[in-house]
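A.B. asks: What follows is a predicted structure for the sequence shown.
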Amino acid sequence: MASTTPLDIPPAPPATRGRPKSTGRAGDKIFLGLSRGSGILLLVIMASIAVFLSYRSVIAISQDEGNFLTTFDWNPAGDPPVFGIAVLLFGTVVSSIIAMVIAVPVAVGIALFISHYAPRKLAAPLAYVVDLLAAVPSIVYGIWGALVLVPYMEGLNLWLDQFFGWTYLFEKTEVGVARSLFTVGVLLAIMILPIVTSVSREVFLQVPKMNEEAALALGATRWEVIRLSVLPFGRSGIISASMLGLGRALGETMAVATVLSPSFLISLHVLNPGGGTFAQNIAAKFGEADEFGRDALIASGLVLFVLTLLVNGAARLIIARRKEYSGANA
Amino acid sequence: MAKRIDIGGLTAYYGSHKAIEDISMTVEPRSVTAFIGPSGCGKSTFLRTLNRMHEVTPGGRVEGKVLLDDENLYGSGVDPVTVRRTVGMVFQRPNPFPTMSIFDNVAAGLRLNGSYRKNQLSEIVEKSLRGANLWNEVKDRLNKPGSGLSGGQQQRLCIARAIAVEPEVLLMDEPCSALDPISTLAIEDLIGELKERFTIVIVTHNMQQAARVSDRTAFFNLSAVGKPGRLIEIDETERIFSNPSVQATEDYISGRFG
């Protein structure tokens, strides 16, 4: 690029002919410093969060008279203090799984509709509306969930109990309003819908035209084009999108705290009211907890932190294992 | 197999822009017909009207008729999906399905068309890969992804995929323009073999290639930028390159313009 033949710099004055002045080196250095600094800053923040969580957790867990992992109770203020995360871990995982099972297929469907089926006039406003869902604050979702969704869920719960009660999962053994893990899962599904949809949509729009034409030229219908070209290309994108959604579902606090009626029981009857999640439990108890109680809550926060790391790691593994086939090298 | 194509008064649009105008010609079965002409003259657009791929582009529409042994591809009630199953296509850049193995790439079209037993499928896949002169290079790694092959091999894989469904016609849109000379030679040899079984239409920018592989050559041109492309003449390849009947053709092939 910086070659110095006279042809490259047409009106070059004779003085600079031999060596063109180098410009932009300072910009290079500043940018390098900035980007390197940002990278280091990120590592420092992550490390300090991890250290803080671990330090406070160790204080709490060392004085826990129950088993931190298996105890079905949360009473750090008791004498002796007994608390454990079993119920919280269960509730967090179950409500997030329910949310994923509902949200991912719907989101992929919406994304495909916007990217491949809808006429252009409809696609743009629809995409906008989906993005708008993400702009609703989670406390608003919580209030809507408690006031609107919960009453409506009762009818659905009856129906599920009647026809799918035999699955054990949907058997409702306790009466009471639908402030259950299932309702929380449905609410979380709505909340993670926009992020999963918009990331998937972006990936689907990036499918190279030549990949789609390959399928079309073989006589593929629109659905077959999607199956042969779009979904395989978008596979890792759908996984990343789902993981982003899962991350939000695992950590969602206010909406869950508003809808769930917490209890310290583990039950696979997901329609029964009760249960709890990490974030909901922290939000509900942090205000009135003493110093030690806060340490105990921080310990549960550490578990959520680790859980989220594991989920992200697993997602990366899944994506990496299929890299050879990912289409990135096409 | 191998049908004649009769094109009558074909005009194609992109939205309100007329890309090609009033093209009529006959493509003989079991022969290679080459389309040549300067960039933008509409040869690729014309090629894509022959398997109804043109209308996939937003705003793309076509007037006129394309008869495949007397059946109008643009007749009412003709499903473009069925048309594309009888008129195969190979593109400028090799486009194997990146997530599929070599085997699955070749089998993809068959699986769309119906269900086959496993051994039946393997048989057709082998036959198609042999037909595309690729079998010996890939027979030990049929389960590896097709995107791991070289460019030339990928293009032959695409040809194998296209001929696996036994189309009547094979359209090739500059199939060698992304390939090195040795791969190009391999494809050209292959075209010579394939014309025994299929009607082949090839768009090329390379006039030597047209002269080498085709039996008949059609020359397209446009009167000015923004004007629709037209068919100037179509004749035996030998005549086009030695003694064309239109001056513009001679100017183009002798390098005086374009």
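C.D. replies: Yep, that arrived.
A.B. asks: Model confidence for residue 98, exactly?
C.D. replies: You didn't pick a chain, so chain A it is. On the pLDDT scale, residue A:98 is placed at 96.
A.B. asks: wrong chain, I was asking about chain B
C.D. replies: pLDDT at residue B:98 comes out at 87.
A.B. asks: can you tell me the helix or strand for it?
C.D. replies: Assessed by DSSP states H and E, residue B:98 sits outside every helix and strand.
A.B. asks: can I assume it is in contact with residue B:148?
C.D. replies: No. Contact criterion C-beta atoms under 8 Å: residue B:98 and residue B:148 do not qualify, at 9.7 Å. Heads up, the C-betas are built off the backbone N, CA and C, glycines and all.
A.B. asks: higher neighbour count, these two?
C.D. replies: For residue B:98 versus residue B:148, neighbours defined as other C-beta atoms under 10 Å in any protein chain shown are more numerous around residue B:98 (23 against 17).
A.B. asks: residue boundaries of the strands in the chain?
C.D. replies: This is for chain A. A:74-75, A:82-83 (DSSP state E).
A.B. asks: my bad, chain B
C.D. replies: B:5-14, B:17-27, B:32-36, B:60-68, B:71-72, B:87-90, B:169-173, B:199-203, B:216-222, B:229-236.
A.B. asks: For the stretch 201-330 of chain A, give me the ranges with low pLDDT.
C.D. replies: Within the stretch 201-330 of chain A, the stretches with pLDDT under 70 are A:322-330.
A.B. asks: Ok, the stretch 1-150 of chain A next?
C.D. replies: A:1-24.
A.B. asks: Report the closest residue of it relative to chain B.
C.D. replies: residue A:120 (7.9 Å; C-beta to the nearest C-beta).
A.B. asks: what's near enough to touch the residue in the stretch 101-250 of chain B that chain A sits nearest to?
C.D. replies: Going by C-beta to the nearest C-beta, chain A is nearest to residue B:109 of the stretch 101-250 of chain B, at 4.1 Å. By C-beta atoms under 8 Å, 6 or more residues apart in numbering or on different chains, the residues touching residue B:109 are A:218, A:219, B:85, B:161, B:162, B:164, B:165.
A.B. asks: Wait, the fifth one touches residue B:88, no?
C.D. replies: Yes. Residue B:162 lies in contact with residue B:88 (C-beta under 8 Å); the separation is 3.7 Å.
A.B. asks: quick one: common contacting residues for those two?
C.D. replies: A:217, A:218, B:170.
A.B. asks: Could you report the separation of the residue lying closest to residue A:319 once chain neighbours are set aside from residue A:106?
C.D. replies: Distances taken as C-beta to C-beta, 6 or more residues apart in numbering or on different chains put residue A:236 closest to residue A:319, at 4.4 Å, once the chain neighbours are dropped. Separation of residue A:236 from residue A:106 (C-beta to C-beta, to the nearest Å) stands at 20 Å.
A.B. asks: More neighbours: these two, which one.
C.D. replies: Remark: of residue A:236 and residue A:106, residue A:236 carries more neighbours, 21 against 14, as counted by other C-beta under 10 Å.
A.B. asks: just to revisit the earlier point, so can I have CSV of the strands of chain B showing distance to chain A, mean pLDDT and mean neighbour count?
C.D. replies: Output for the strands of chain B, formatted as CSV (distance: least, C-beta to the nearest C-beta, whole Å; pLDDT from 0 to 100; neighbours: other C-beta atoms under 10 Å in any protein chain shown):
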stretch, distance to chain A, mean pLDDT, mean neighbour count
strand B:5-14, 15, 94, 18
strand B:17-27, 17, 93, 18
strand B:32-36, 17, 95, 27
strand B:60-68, 13, 93, 18
strand B:71-72, 16, 92, 13
strand B:87-90, 4, 94, 26
strand B:169-173, 8, 95, 25
strand B:199-203, 13, 95, 26
strand B:216-222, 21, 93, 24
strand B:229-236, 21, 93, 19
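A.B. asks: can you list those in a markdown table and add distance to residue A:257?
C.D. replies: Below are these laid out as a markdown table (distance: least, C-beta to C-beta, whole Å):
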| stretch | distance to residue A:257 |
| --- | --- |
| strand B:5-14 | 56 |
| strand B:17-27 | 59 |
| strand B:32-36 | 68 |
| strand B:60-68 | 54 |
| strand B:71-72 | 66 |
| strand B:87-90 | 58 |
| strand B:169-173 | 60 |
| strand B:199-203 | 64 |
| strand B:216-222 | 69 |
| strand B:229-236 | 67 |
